[in-house]
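Chemist: got a predicted model here, sequence first, then my questions.
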Amino acid sequence: ARDKHGIYMTISWGLIPVLLRWSFVYCAFVKPWVWVHLLLAILVGVLHYIGVQEVHSAPEGEETSDVKLHKTLASLVFFLAIWQFATGFLAMYAMKWSKIRIPYAFSSHGIPVYALIIVGFATIIAGFKVEWEDYIYIFILWLVFVVIVEAVLYSYTKVLQPKKGYVSIIPKGKVLSQVYSTFAEYKTEVANLTKKRYILMDNFVLDITDYVTSHPGGAFIFQDLALHDDISRFIVGNYALNQKVSVHVHSIASQKYIYSNLICGLLTVANKNVKSKSSDIEIETPSTEKPGKETWELTEKQNLSSDTLQCYFKSNTIDIDPTPNNLESMGRHFKVTATVNGKRVTRLYTTVFSLHHTRTRQRNELTAKASIQLDEEFLKKEENVGPHEGANELNLVLKVYGKTAKLTPFISQYGPSGRPNFDIEGPCGFGLCLDSGTSGDHVIFGAGTGMFPFLDLFDYILRDLVEWNETGEKSAFLTNFKLSVYASYASRSHCVGLTLMEKCQKV
């Protein structure tokens, strides 16, 4: 009976808890992991109960110090196990069904598991000393094996894989069943699928209907995502969805799983300003190959404010037209990746073509001419163009937050020489979801960098207003579109694009 007790307890506290931990830490991106985790936990409880029954039916032995130690540790294991089962069901509820975040639901279950594994191993070793002292080396070998496997898994997922950076490859053989060219088309389609849950990642639409209740971070997270929200910034750990959720960098394995849910792409034909030099096909055109990722060189930096930089990047294979005149391209973002301290780090940046030196120079000329017609001296005020004269370059606006950030300080520290190359993908997402047919009253509330995505819109409106003043004909867009803007900055030294907004207001 004691031999059976030893076998049952060794399996329930020496083998299964390790599998329980691995199933969550390294396999939580696979949909069935929740049920595998739960079944293993139930198996632990069943084997523990059977093992206890066996030892109760065994003849009483001598109460040695080893036996007392074993019993004491076993009691502690039982207490920890009850805690784990209770908090495990709370965590499961918080993950699968709760529509709000339950504080400490996951940490109260996840953190004590280490104590349970350590005490469980100690209990088994104490038990071996009581009955199977000659075979204790076998369990020691098992512990060594566990440590080696843990080290390999940790090194691969936490050290080696992050060096590869951000996954952006469609699974081989994955067929894009449909392509949406506008947000309106996408929104109409999704509205008709009431039982489906779609989200965007880069330029692709993902169906996460069956995965929402298996997401390790909780199903409630998806409650706050709008139809056009791009989850890329959450995946790479740039942002948290809200203040109650911590920033999390998703593993390469989980990123690959995300892409396995891909169903269709976004064909944003409006972005004529970003083209391959070898053809007229937009680089973000959906295909079964890698999306538009190119290596770019950092060529110049320009200070826009006390804490904001404009960086210019140049590619040997991509042409950039910094003067796009369409609403569809506004507010979209680019994904920049570089190796920082041995790790691949990715961050999403908004491109603001209206701040490009070419576009700024054109606007200065336009408003200087309009100042004479409107007799408005302020319109003669020149915006900072900067010394850079290079054309055909991508401009991205970066705010230097300080030591807490990773990629932005890395970019800002490089001088005229010794600059690294960057992988840049884009443009991505639906942007502001505007087109020439957009109408109605619109309100913008923004502060600091939150105003960047709207500067191209202000530039577009300014040009329309100047043309209206010259020709006397109001464009269809201005006729049906009304915009109110509430913008806040820490100080005038922090303002970026303020002169543009003030010129727009004056006209």
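Modeler: Structure received.
Chemist: all strands of the chain, in order?
Modeler: Secondary structure of the chain by DSSP state E: the strands cover 178-180, 198-201, 204-207, 262-266, 274-276, 293-305, 308-315, 318-320, 333-340, 343-350, 394-399, 421-428, 440-447, 481-488.
Chemist: out of those, nearest to Leu462?
Modeler: Closest approach to Leu462 among those (C-beta to C-beta): strand 481-488, 11.8 Å. All C-beta spots, glycine's among them, are computed from the backbone N, C-alpha and C.
Chemist: show me the contacts for Asn469.
Modeler: By C-beta atoms under 8 Å, 6 or more residues apart in numbering, the residues touching Asn469 are Ala370, Gln373, Leu374, Val507.
Chemist: can you give me the pLDDT of the third one?
Modeler: So the one you mean is Leu374. pLDDT, Leu374: 79.
Chemist: try Leu141
Modeler: pLDDT at Leu141 comes out at 85.
Chemist: do the same with Pro420
Modeler: Pro420 is assigned 69 on the pLDDT scale.
Chemist: biggest separation within the contacts of Asn469, which pair?
Modeler: It's Gln373 and Val507 that sit farthest apart of the contacts of Asn469, by C-beta to C-beta, at 10.0 Å.
Chemist: please say which of these two ends up with more neighbours.
Modeler: Ranked by neighbour count (other C-beta atoms under 10 Å), Gln373 and Val507 place Val507 first, with 20 against 11.
Chemist: number of residues surrounding the residue nearest to Arg463 when sequence neighbours are not counted?
Modeler: Spatial nearest neighbour of Arg463, chain neighbours left out: Leu366 (6.9 Å); criterion: C-beta to C-beta, 6 or more residues apart in numbering. As a burial measure, Leu366 scores 17 neighbours (other C-beta under 10 Å).
Chemist: which intervals of the stretch 251-400 of the chain have sub-threshold pLDDT?
Modeler: Residue ranges of the stretch 251-400 of the chain with pLDDT under 70: 263-294, 323-325, 386-391.
Chemist: ok, the residue nearest to Arg463 - contacts?
Modeler: Contact analysis of Leu366 by C-beta under 8 Å, 6+ apart lists Leu462, Arg463, Val466.
Chemist: buried ones in stretch 139-147?
Modeler: In terms of neighbour count (16 or more other C-beta atoms under 10 Å), stretch 139-147 has its buried residues at Phe139, Trp142, Val146.
Chemist: now tabulate those residues in TSV and tack on distance to Val249.
Modeler: Formatted as TSV, the buried residues of stretch 139-147 follow (distance: C-beta to C-beta, whole Å):
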residue	distance to Val249
Phe139	36
Trp142	32
Val146	26
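Chemist: which of these sits closest to Ala447?
Modeler: Among these, and counting by C-beta to C-beta, the member closest to Ala447 is Val146, at 50.4 Å.
Chemist: ok, now how distant is the closest one from Gly450?
Modeler: Per C-beta to C-beta, to the nearest Å, Val146 is found 48 Å from Gly450.
Chemist: equivalent analysis for Ile461, please.
Modeler: 18 Å.
Chemist: between the contacts of Leu366, which is closest to Ala487?
Modeler: Distances from Ala487 to the contacts of Leu366, taken by C-beta to C-beta, are shortest for Leu462, at 15.3 Å.
Chemist: so what's the closest one closest to, chain neighbours aside?
Modeler: Once flanking residues are discounted, Leu462 sits nearest to Cys504: 4.5 Å by C-beta to C-beta, 6+ apart.
Chemist: residues near the one you found, how many?
Modeler: Considering only other C-beta under 10 Å, Cys504 is surrounded by 22 other residues.
Chemist: next: Ser155.
Modeler: Around Ser155 there are 11 residues (other C-beta under 10 Å).
Chemist: ok, now Val443?
Modeler: When neighbours are defined as other C-beta under 10 Å, Val443 has 9 of them.
Chemist: which pLDDT value belongs to it?
Modeler: For Val443, the pLDDT comes out at 94.
Chemist: how about it, nearest residue that isn't a chain neighbour?
Modeler: Nearest non-adjacent residue to Val443, counting by C-beta to C-beta, 6+ apart: Ser484, 4.9 Å away.
Chemist: over to Thr367?
Modeler: With sequence-adjacent residues excluded and distances taken as C-beta to C-beta, 6+ apart, Thr367 is closest to Leu379, at 4.3 Å.
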